[in-house]
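S.K.: coords please:
(2 chains)
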Amino acid sequence: TQLLEQSPQFLSIQEGENLTVYCNSSSVFSSLQWYRQEPGEGPVLLVTVVTGGEVKKLKRLTFQFGDARKDSSLHITAAQPGDTGLYLCAGAGGGAGKSTFGDGTTLTVKP
Amino acid sequence: DAGVIQSPRHEVTEMGQEVTLRCKPISGHNSLFWYRQTMMRGLELLIYFNNNVPIDDSGMPEDRFSAKMPNASFSTLKIQPSEPRDSAVYFCASKRGPGTGELFFGEGSRLTVL
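M.R.: Next comes the predicted model:
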């Protein structure tokens, strides 16, 4: 069974601060996705990383896939209240066709 | 393009009643997933289909739960009889095919069983 552990589970910071969310597993994934979910809505795809060591940037968000494709991180620079939400990582692969989701990180950015 | 469409958005019912949740995946997507989300257990995969065929239903909690996908553009998740512990938000998601990882979620159906 593939498991993904996210940390921290909860994060509350002030506007303008930087933060990093981690997603770790003992399993290798062919790709890894990050999603953001706002209250009352479904998760929305932010990015996919595929290659070990890959770094992708989406405005103030930087995503990194570990060299061994077992872990990933999400770094937010100068967080804003609009970044508030539940951040989920999900690993795909293993031939099963389904994704393994982490338990999520709930981020609150205070103005 | 239209995203994944789910109905109803909200459902309140009494214990013992039948509940049917509906999903229309994104056109051209060949894989469809049903998830349940609660505060305690997070996002749980219930069942998924490839090309309308159920592939893995090991996440379906009990025989009270059933899911069908009669064609490429429609799926249902049925709970009969419903129980208070089934209260959750149920999400449908689709993706292009089993070889891809990117899921597209609907807005969810919030179920409350009294």
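S.K.: state the helix or strand in which B:S94 lies.
M.R.: strand B:88-95 (DSSP states H and E).
S.K.: output that strand as PDB, restricted to C-alpha atoms.
M.R.: What follows is strand B:88-95 as a C-alpha-only set of coordinates in PDB (Å, rounded to 0.1, in the frame of the first residue of the first chain):
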ATOM      1  CA  ALA B  88     -19.800  13.600   4.300                       C
ATOM      2  CA  VAL B  89     -18.900  15.400   1.100                       C
ATOM      3  CA  TYR B  90     -18.800  13.100  -1.900                       C
ATOM      4  CA  PHE B  91     -16.600  14.000  -4.800                       C
ATOM      5  CA  CYS B  92     -16.500  12.800  -8.300                       C
ATOM      6  CA  ALA B  93     -13.300  13.200 -10.400                       C
ATOM      7  CA  SER B  94     -12.300  12.300 -13.900                       C
ATOM      8  CA  LYS B  95      -9.000  12.100 -15.800                       C
END
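S.K.: tell me if it is near chain A.
M.R.: Yes: residues of strand B:88-95 contacting chain A under CB under 8 Å from any CB of the partner chain: B:F91, B:A93. C-betas here are computed from N, CA, C, even on glycine.
S.K.: what helices and strands are in contact with whatever helix or strand comes next after that strand?
M.R.: Sequence-wise, the next helix or strand downstream of strand B:88-95 (DSSP H and E) is strand B:104-105. For strand B:104-105, the packing partners by 3 or more CB pairs under 8 Å, 6 or more residues apart in numbering or on different chains; DSSP states H and E come out as strand B:88-95.
S.K.: any idea of the mean pLDDT in the strand it packs on?
M.R.: The pLDDT scores in strand B:88-95 average 97.
S.K.: for chain A, what's its nearest residue on chain B.
M.R.: Nearest residue of chain B to chain A: B:G101, at 2.9 Å (CB to the nearest CB).
S.K.: what pLDDT does the model give that residue?
M.R.: Predicted confidence (pLDDT) for B:G101: 86.
S.K.: just list the residues touching it, thanks.
M.R.: Residues in contact with B:G101 (CB atoms under 8 Å, 6 or more residues apart in numbering or on different chains) are A:F29, A:S30, A:S31, A:L32, A:Q33, A:T48, A:A90, A:G91, A:A92, A:G93, A:S99, B:K95.
S.K.: separate out the buried members of those.
M.R.: When those are checked for burial by 16 or more other CB atoms under 10 Å in any protein chain shown, the buried set is A:F29, A:S31, A:L32, A:Q33, A:T48, A:A90, A:G91, A:A92, A:G93, A:S99, B:K95.
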